[in-house]
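1. sequence unknown, structure follows:
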């Protein structure tokens, strides 16, 4: 459980003599184009819905972006539901799906070869290389089963759940309702640990029926008790130990949905944020790798600034105003707004939804997937939300809509955002029952794309076609003493024109989904980066100078 | 429509003949809360038509509008004694009692008015309003819908129906009725306030701002006065990041309704945003001491006080309120989503 035993400062000069550029990023339009139709991705999320609309049928829909075959292109994995009430994937329509990226805009369904059809009612996915063998593995959460699939490196995966001890069963022997998962090295020992959010103590036996016959609605989660989350410590031998109790995770009962990680207080240890549905959110502050203190109330992220909970769904945890402190985006249901918790850098957050200009707009939206990403490469991260109401019959209320268009809010560089969804192309006008969304560069063009799952309609491959000529860099970290993926590495980029940006390596975030492990930075008009500083989880600080823009840069831990 | 309603009252046909137009105008002026405008006309009418009961009824309403309760009561009694079966007289008298907060008599008179004439919009509107107060929303809605079906230009019925949709959080429907209400009676500050409140969730921010401003322009003492207009506009301005302007209205709100927790709470939140933590502490403590919640629950107070004391560096009190925040369960919402 040691961490700071490899502290070094490494200076690397990559390029000399940066050209002089003025900061004048093209803050142009953000555009997305849905290229699902000819892509070979035919996935349709099937929630197995029943007329009574049980709680379970609103919840599924994780997406994972992972390069499972290390060919340099992100592949796409979708989780899927099952028939109800049997919880059985008794037909192809319920299989989870893995699509291989053919590098030409098309994908090939490789689910069967990979052995990833899955079992039971799947919900979330989290990808990372937990055994440091160079191939990303896959954890799939679900209502009745969680799975850890080890990547064999030959296009196949092996179910190692039981052997690894990550079944999602609590210490009392009860299978908890897994939603999202995050890979992180909470004790900086060079091995990725696993955090799993759990939702409600619900079953068909205790299921309530809400709404009226013919227009049943999803019941409020306040009708059911919550569940504890789980933290598994990686033993380094292919097995994990449930450390939820000794680390202080298990004592906090919530209604966990999205999870995101970041070192919010800059102490070198990754912290965990969990969005709880209609309950106070959790911020687990890492106590030097020895455990966690839940400080959501103390940090002012438990509730909105109006002192009430929202139906927290998806979350992301990144620095959107380039001040060095990761802040939070949370999606919620219509009538609540999407809370934006701004990290003040002093242990406190302020809820800035209205101040940042998204309050009125998001009040009408219901959101699931969430991302803080720089879509126009102007050096300031924007916001994306995958939208839909939870209830299929939500439209009985004139103000609510089950099928909604996704939303993108452009960062105006002054702490505020502008809803530019309506001008972001036809792909952003698709009204569907969107759920999970994953963020990453599918075609390695330096623009962050989005893959969104939707109940009852084709998944959307939203390629970022924003017309700006702004520059960018994607940084792929390879840990040596730190975990191989470099998850938890904090990266500071200083552009030639002086703009400083921060981000960190993580696949966690959004709703039940897993993002590109490569870290993206938009660079505006800068063609050269003056300095890149990487703080690896084990403590190494590595600095690169004069790095050329518009490349996928692999940085191996020195 | 008011004229039409009046002109078909046969009982007054003889004694009021020739005064119909003026009486309709007076009635409209009183509905629009302009008792001074009606005063001269009524004085003239009372001399020209000394036996016209309708003049007495409008005089009663005028006295009511001017705050002369005893005179109003006397005139209403005189009118209803003269014609105990006139639903409109009973309805206006019932509204007088409602404003006097004599709810039992208002309830009884509204029921009697509807019984006398189930098609009288004034009676239906009052009865609907009282049923709303008695939490009988579906019955109220039926009566109010009937009222506006008979007379779509009855501003009170439109307003009351709007409040039903507002309570049901159905803003598009509420907006429809509040828009109609303010078009019929632009002096109804309550309707402007409700209109603004329901435009907010529809993301019609400019429309809401306009409605709040219109409401503030006409927010005068009387039947249509809205004590919470400054509070609501102050909150709205805070959402729009117009903090200084927000403070002006919240300052006024705490003066207008100092007994309500919500106004102190909201000003404390604004104080926090303006980093005026000492004032935030004072306002939040005031909010905590208020007995009339105004929709603000203990959890919100604890959460706010925890933040205030944390900002002030008072660790002990911060911990106290943060512990209370943790221990207080969140509000239970409805079964559905």
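-> On my side now, so go ahead. Everything numeric in this text was worked out from a predicted model, so none of it was measured. Numbers count the residues shown, from 1 in each chain, chains lettered A, B, ... in the order given.
2. mind checking the SS state of residue B:92?
-> Following DSSP: H, G, I helix; E, B strand; the rest coil, residue B:92 is assigned to helix.
3. Once you drop chain neighbours, what's closest to it?
-> Of all residues not flanking residue B:92 in the chain, residue B:61 sits nearest, at 5.9 Å (CB to CB, 6 or more residues apart in numbering or on different chains). Quick note: C-beta positions are derived from backbone N, CA and C, even for glycine.
4. Same check on residue B:124?
-> residue B:147 is the one closest to residue B:124 (CB to CB, 6+ apart), at 3.6 Å.
5. list the buried ones in the host helix or strand of the one you found?
-> Element membership for residue B:147, per DSSP states H and E: helix B:137-150. Residues B:137, B:140, B:141, B:143, B:144, B:146, B:147, B:148, B:150 are the ones in helix B:137-150 that count as buried (16 or more other CB atoms under 10 Å in any protein chain shown).
6. give me the number of residues near residue 293?
-> Just going to use chain A. 12 (other CB atoms under 10 Å in any protein chain shown).
7. ah, I was thinking of chain B
-> 15.
8. Kindly report the same for residue A:31.
-> For residue A:31, the tally of surrounding residues (other CB under 10 Å) stands at 23.
9. State the distance from it to residue A:216.
-> Residue A:31 sits 38 Å away from residue A:216, going by CB to CB, to the nearest Å.
10. tell me the contacts of residue A:159?
-> The neighbours of residue A:159, taking CB atoms under 8 Å, 6 or more residues apart in numbering or on different chains as the test, are A:115, A:147, A:148, A:149, A:150.
11. for the stretch 101-250 of chain B, what are the low-confidence residue spans?
-> Of all residues in the stretch 101-250 of chain B, none has pLDDT under 70.
12. Where does it get nearest to chain A, which residue?
-> With CB to the nearest CB, the shortest gap between the stretch 101-250 of chain B and chain A falls at residue B:239, namely 4.1 Å.
13. Now do the contacts for the residue nearest to residue B:124.
-> Going by CB under 8 Å, 6+ apart, residue B:147 touches B:121, B:124, B:125, B:128, B:154, B:157.
14. now those residues in TSV, with secondary structure, distance to residue B:223 and neighbour count?
-> Shown next, in TSV, are the contacts of residue B:147 (DSSP: H, G, I helix; E, B strand; the rest coil; distance: CB to CB, whole Å; neighbours: other CB atoms under 10 Å in any protein chain shown):
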residue	secondary structure	distance to residue B:223	neighbour count
B:121	helix	17	27
B:124	helix	18	32
B:125	helix	13	28
B:128	helix	16	30
B:154	coil	15	26
B:157	helix	15	30
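15. closest to residue A:526 among those?
-> For the contacts of residue B:147, the minimum distance to residue A:526 (CB to CB) is 63.9 Å, reached by residue B:157.
16. quick one: contacts of stretch B:117-127?
-> B:5, B:87-88, B:90-92, B:94-95, B:98, B:106, B:109-111, B:113-114, B:116, B:140, B:143-144, B:146-148, B:150-151, B:154, B:156-157, B:160.
17. Show me which residues of that stretch are buried.
-> Applying 16+ other CB under 10 Å to stretch B:117-127 flags B:117, B:120, B:121, B:122, B:123, B:124, B:125, B:126, B:127 as buried.
18. which SSE is residue A:443 in?
-> Following DSSP H and E, there is no helix or strand that holds residue A:443.
19. What's the separation between it and residue A:515?
-> 16 Å.
20. So which of those two has more stuff around it?
-> When residue A:443 and residue A:515 are compared for neighbours, residue A:515 comes out ahead with 29 against 16, by other CB under 10 Å.
21. I'd say the more buried one and residue A:371 touch.
-> Yes. When contacts are counted by CB atoms under 8 Å, residue A:515 is listed as touching residue A:371 (7.5 Å).
22. Next, see if stretch A:217-227 gets close to chain B.
-> Yes. Under the criterion of CB under 8 Å from any CB of the partner chain, chain B is reached by stretch A:217-227 at A:217, A:218, A:219, A:220, A:222, A:223.
23. Greatest separation within these: which pair is it?
-> Most distant of the residues of stretch A:217-227 next to chain B, by CB to CB, are A:217 and A:222, 13.7 Å apart.
24. Give the burial count for residue 158, as a bare number.
-> No chain was given, so I picked chain A. Neighbour tally, residue A:158, other CB under 10 Å: 13.
25. hm, I was asking about chain B
-> Residue B:158 has 27 nearby residues by other CB under 10 Å.
26. you'd agree residue A:56 is in a strand?
-> No. Under three-state DSSP, residue A:56 sits outside any strand and is assigned helix.
27. Contacts only, for it.
-> Contacts of residue A:56 (CB under 8 Å, 6+ apart): A:47, A:81, A:84, A:121, A:143, A:202.
28. pLDDT added to the residues you listed, as CSV?
-> As requested, the contacts of residue A:56 are exported to CSV (pLDDT from 0 to 100):
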residue, pLDDT
A:47, 97
A:81, 98
A:84, 96
A:121, 98
A:143, 97
A:202, 96
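29. how about TSV for these, with secondary structure added?
-> TSV is the format used below for the contacts of residue A:56 (three-state DSSP):
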residue	secondary structure
A:47	coil
A:81	coil
A:84	coil
A:121	coil
A:143	coil
A:202	coil
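30. what would these look like in CSV with neighbour count and distance to chain B?
-> As requested, the contacts of residue A:56 are exported to CSV (neighbours: other CB atoms under 10 Å in any protein chain shown; distance: CB to the nearest CB, whole Å):
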residue, neighbour count, distance to chain B
A:47, 24, 15
A:81, 27, 19
A:84, 18, 19
A:121, 27, 20
A:143, 27, 18
A:202, 21, 14
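31. re earlier: most neighbours, which of the residues of stretch A:217-227 next to chain B?
-> residue A:219 (26 neighbours).
32. Find the residue closest to that residue in space, skipping its chain neighbours.
-> Nearest one to residue A:219, counting by CB to CB, 6+ apart, is residue A:210 at 4.1 Å.
33. Same question for residue A:488.
-> residue A:537 (4.0 Å).
34. Now that we're looking at the closest residue to chain B within chain A, what pLDDT does it have?
-> Here chain A gets closest to chain B at one residue, residue A:307, 3.3 Å apart by CB to the nearest CB. pLDDT, residue A:307: 94.
35. show me where the stretch 301-450 of chain A has helices.
-> For the stretch 301-450 of chain A, helices defined by DSSP state H, counting those that start in this stretch occupy the ranges A:359-363.
36. Up against chain B, what does it have?
-> Proximity of the stretch 301-450 of chain A to chain B (CB under 8 Å from any CB) is limited to residues A:302-303, A:305-309, A:311, A:333, A:335, A:348, A:350, A:354-355, A:359-361, A:363-364, A:389-391, A:394, A:397-399.
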